[in-house]
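S.K.: With the sequence up front, the predicted model follows.
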Amino acid sequence: MIEKETINVNHIDGNLLNLRKIFQNTNLQWIEEINIDGDNFNYDSQDIYRQALNEILIKSEIIEKINPQTEKEERQILVEDLLKAVNENLKLFKNHRDLFSDLPRKKIIIKEYKQREFPESTKSDIEIYDNFIMFKELTLRPIYFKSELYNTVGFLEVNYHEKIYYYSLSIKKQLETKFKSSDSYDSNYLNVYNTIFLNMGVVHQIHYKFNGIAFEEISESQLYKALNLQNTVTYLKKKDSRKLFYIVHHLGELLNDQLKEIWLKAILEEMQVTKKYYSSQYKFFDWTDANEKQKGFAKEFNTFMTDKIKPLLH
């Protein structure tokens, strides 16, 4: 057995070592947060997680493009050590998901935004936060996520614990399958696209028919931004989950397979629902045990799609 101290480190081996250290350090920081109910979570913590994910985890190559050395004994040692740290990370998140979700990100945003924009102001915290949201909302997503506002303050909203968790799930599959898994972490985790998925005509019809019924009342322009992933604040909120998911499913069917996958993933994240839950709900109207009212909605909606929506695609 080759001792770990004598490992001959090449580029990929170095990345695996570095990733292990990042996960070990992250795990230690998470344990500290858990032990004191997140009281030590601050601006620097969030920035560390952002940098770890964006600059190290996402950018690290962990397998050679040509002649992968997955069977090399030194590599297997590195993989085993990294997998151990990754599994610890997954366990910590699963056991303390609610704590990580409830960390005081909003409080830190208010403090930071006030220091930067209103250092001498007597504005209340609510007024400070509303001002931040107002400026954030004025900017479309592709511009906002490149802006100084996001890079200095807005990034504090992101649940990087959750983003790192999803990275961990992805790399775990890679490590356990000796890098044969087709799953890879989507580096575009902020869902920034310059694509128009659904035109204004389609959005107008959906808004006219279902605003305040399937989703909470919003303006037509807000719905357009939400359905085209241009929004920087959450507009699309469920009023009748099953109806909304049924609508989302059929809107997705208007897109080609590649765009559909991208769009659906982002829309579900926007609504904070899992794909499993979404699938169980939108299919409800087509189940044999759906009642007459539900079957009637499905029939009416399908007619609406044929008569009002599909002609707008040509």
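M.R.: All right, it came through fine.
S.K.: alpha carbons only for contacts and neighbour counts from here, please
M.R.: Will do.
S.K.: Now do the SS call for residue 139.
M.R.: Classification of residue 139 using DSSP: H, G, I helix; E, B strand; the rest coil returns coil.
S.K.: Just the pLDDT for it.
M.R.: We have a pLDDT of 94 for residue 139.
S.K.: for it, phi and psi?
M.R.: Phi and psi for residue 139, reported as degrees, to the nearest 10, are phi -110, psi 140.
S.K.: hang on, it packs against residue 232?
M.R.: Yes: under the criterion of C-alpha atoms under 8 Å, residue 139 makes contact with residue 232 at 7.2 Å.
S.K.: out of these two, which sits in the busier spot?
M.R.: residue 232 (20 against 16; other C-alpha atoms under 10 Å).
S.K.: State the three-state secondary structure for that one.
M.R.: Assigned with three-state DSSP, residue 232 falls in the coil class.
S.K.: Isn't it up against residue 136?
M.R.: Yes: Residue 232 is within contact range of residue 136, at 6.6 Å (criterion: C-alpha under 8 Å).
S.K.: what do the two both touch?
M.R.: Common contact partners of residue 232 and residue 136 (C-alpha atoms under 8 Å, 6 or more residues apart in numbering): residue 144.
S.K.: quick check: domain ranges of this structure?
M.R.: 4-102+159-176, 105-155, 200-313 (automatic domain parsing).
S.K.: Would you mind putting those into CSV with distance to residue 194 alongside?
M.R.: Below are the domains of the chain laid out as CSV (distance: least, C-alpha to C-alpha, whole Å):
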stretch, distance to residue 194
domain 4-102+159-176, 21
domain 105-155, 7
domain 200-313, 8
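S.K.: Identify the residues contacting the residue nearest to the spatial centre of the chain.
M.R.: When C-alpha atoms, centre = their mean is applied to the chain, the residue found nearest the centroid is residue 189 (5.0 Å). For residue 189, the contact set (C-alpha under 8 Å, 6+ apart) comprises residue 163.
S.K.: the helices in the stretch 101-250 of the chain, which residues?
M.R.: 105-117, 125-137, 141-144, 148-152, 160-176, 200-210, 220-227, 241-252 (DSSP state H, counting those that start in this stretch).
S.K.: So for residue 77, which of those helices sits nearest?
M.R.: Proximity to residue 77 (C-alpha to C-alpha) singles out helix 160-176 among those, at 11.6 Å.
S.K.: List the contacts of the closest one.
M.R.: Applying C-alpha under 8 Å, 6+ apart, the contact partners of helix 160-176 are 46, 49-50, 53, 57, 79, 83, 86-87, 89-90, 93, 100-101, 179-181, 183-185, 189.
S.K.: ditto for stretch 149-159
M.R.: Outside stretch 149-159, the residues touching it (C-alpha under 8 Å, 6+ apart) are 43, 46-47, 100-101, 105-106, 108-109, 112-113, 136, 144-145.
S.K.: at 7 Å what do you get?
M.R.: 46, 101, 105, 106, 109, 112, 113, 144 (C-alpha atoms under 7 Å, 6 or more residues apart in numbering).
S.K.: Mind giving me the PyMOL command for buried ones among those residues?
M.R.: Restricted to buried positions by 16 or more other C-alpha atoms under 10 Å, the PyMOL selection for those reads:
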select buried, resi 46+105+109+112+113+144
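S.K.: quick one, the helix or strand harbouring residue 279 and helix 241-252 angle?
M.R.: Following DSSP states H and E, one finds residue 279 within helix 275-282. Angle, helix 275-282 to helix 241-252, by axes from the mean of the first three to the mean of the last three C-alpha atoms, to 10 degrees: 100 degrees.
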